[in-house]
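J.: heads up, no residue letters with this:
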């Protein structure tokens, strides 16, 4: 059974760095790509970037200067790091494998 | 980037009746392999999005056949027959043809 689950700090101070982990099960990161998508409260979906099955990454140009996605295939984990956080980065952050989505983790940027 | 435009913003449906949601892309989503890369998702209140339709017209696993997808290279329709209470939520179309992936703004389905 394919499963993804996000984990992270919940609260981040402005200008600090966000670190999130997506832990997957039921498939190999070397066979499938994993994407990060976020959703500000009451708003739509924004695709952030992806870790391809071959290790290649691609980022939304609007976030590229602040965003980094990496992985540890031995632990079945994909990582998201985004720096210089602002209040507008407050959102639910999801990892997804197209057909399956994690439950999401809420990140609030506030002092 | 490919722009996905959905209509209407919201739709109110009597249970048992049908509903249609439209989505238009700013560029053809038809790949040279013959597949049209438009997907439909439903986000129920407080939940993460769930896949309904993939590659324009294919029903995702476990999704009732009351849902169907159709369209052309740039214009797409999600139809829900015999709407039920469990169908309430926000519907999104998305394009998976190229990066960055993009989504429509969403259509909220409510019951009358």
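T.: Yep, it's here. If you're wondering where the values come from, they're calculated on a predicted model, not measured in any experiment. Residues are numbered from 1 along each chain as shown, chains lettered A, B, ... in the order given.
J.: Next, count neighbours for residue A:37.
T.: Per other CB atoms under 10 Å in any protein chain shown, the neighbour tally for residue A:37 reads 25. C-beta: built from backbone N, CA, C; applies to glycine.
J.: and if you look at the one 5 residues further on?
T.: Around residue A:42 there are 5 other residues, counting by other CB under 10 Å.
J.: Please report how far the residue located most distally from the centre of chain B lies from residue B:97.
T.: Ranked by distance from the centre of chain B (CA atoms, centre = their mean), the top residue is residue B:32, with 22.3 Å. Distance, residue B:32 to residue B:97, by CB to CB, to the nearest Å: 11 Å.
J.: just residue A:69 next, same as before
T.: Using CB to CB, residue A:69 is found at 21 Å from residue B:97.
J.: neighbour-wise, which of the two wins?
T.: It is residue A:69, of residue A:69 and residue B:97, that has more neighbours when counted by other CB under 10 Å, with 23 against 17.
J.: is it fair to say that one lies in a strand?
T.: Yes: Residue A:69 sits within a strand when classified using DSSP: H, G, I helix; E, B strand; the rest coil.
J.: That one and residue B:75: what is the separation?
T.: According to CB to CB, residue A:69 and residue B:75 sit 33 Å apart.
J.: With residue A:90 instead?
T.: Distance of residue A:90 to residue B:75, computed by CB to CB: 34 Å.
J.: more crowded one of those two?
T.: residue A:90 (17 against 13).
J.: Tell me who's in contact with that one.
T.: By CB atoms under 8 Å, 6 or more residues apart in numbering or on different chains, the residues touching residue A:90 are A:40, A:41, A:107, A:108, A:109, A:110.
J.: Those, buried ones only, as a PyMOL selection?
T.: Restricted to buried positions by 16 or more other CB atoms under 10 Å in any protein chain shown, the PyMOL selection for the contacts of residue A:90 reads:
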select buried, chain A and resi 107+109
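J.: Distance of the closest residue to residue B:98 other than its chain neighbours relative to residue B:57?
T.: Among residues not flanking residue B:98 along the chain, residue B:2 sits closest, at 6.8 Å (CB to CB, 6 or more residues apart in numbering or on different chains). For residue B:2, the distance to residue B:57 equals 19 Å [CB to CB].
J.: that older thread, now the contacts of residue A:90 as a markdown table including distance to residue A:54?
T.: Formatted as a markdown table, these follow (distance: CB to CB, whole Å):
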| residue | distance to residue A:54 |
| --- | --- |
| A:40 | 31 |
| A:41 | 35 |
| A:107 | 28 |
| A:108 | 34 |
| A:109 | 33 |
| A:110 | 38 |
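J.: Roughly how far does residue A:1 sit from chain B?
T.: 11 Å (CB to the nearest CB, to the nearest Å).
J.: No further questions, thank you.
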